[in-house]
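1. Everything below, folded, please.
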Amino acid sequence: MNKEEFLTMNPDLRVKKINKMLETMQLPDIAKLLDMPSSSFSSEMQKGDYVFIKRDKKYFKFLRGINSPEKEIKTSDYNEELLFIKENFDVLKKLLSNQENGIRLILDKKIYETKAKYVNKNIKVNDSIYQEFTSTCERQFPHLKIQDLIAQAFVDFILKYSS
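-> This is a model prediction of the structure:
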């Protein structure tokens, strides 16, 4: 086997051949035979998730266990998602119910525009109208912010009455 053949070989086949060679040779000797630095040889051998076990003098496939960091992250993400669903279960049920009953509110893209300039304004509103508006918002659209629903009301007004 030459260097080019070694570098282009499938990692599984390469490990079989190198393990066979390790029965009679040492790692540095194999790297030298392939005209490669030992570090480059080792890096190439690790491709495909292989590790060298010194006491066995062989390469083995690395198997990730149940406690590996990859699994823990996935489990952690999964637990966070479940917690979010539990905390927002009533809101999600209401959202699905509204969808099934044809109650849809799609906010205009302008409301979320990232390059828009936002301003704070104080407005004077009849208390009973405001209470009715906010209770309707909380009941029908609990997943949306009141400020976004007010902005949508402005957009709807502009579309309806602008000439």
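2. What segments of this structure are strands?
-> 50-53, 58-61 (DSSP state E).
3. between those, which one is nearest to Asn19?
-> strand 58-61 (5.0 Å; Cβ to Cβ). C-beta: built from backbone N, CA, C; applies to glycine.
4. Arg104 versus Asp49, what's the distance?
-> 48 Å (Cβ to Cβ, to the nearest Å).
5. Which of the two has more residues huddled nearby?
-> More crowded of Asp49 and Arg104, by other Cβ atoms under 10 Å: Asp49, with 11 against 7.
6. Now do the contacts for the more buried one.
-> Residues in contact with Asp49, defined by Cβ atoms under 8 Å, 6 or more residues apart in numbering, are Lys61, Phe62.
7. going forward, begin numbering at 228 instead of 1
-> Sure thing, new numbering starts at 228, so read that last one as Asp276.
8. Tell me the predicted confidence for it.
-> pLDDT recorded at Asp276 is 85.
9. Give me the distance between it and Leu240.
-> Counting by Cβ to Cβ, the separation of Asp276 from Leu240 is 15 Å.
10. for Ile356, same thing?
-> With Cβ to Cβ as the criterion, Ile356 and Leu240 are 76 Å apart.
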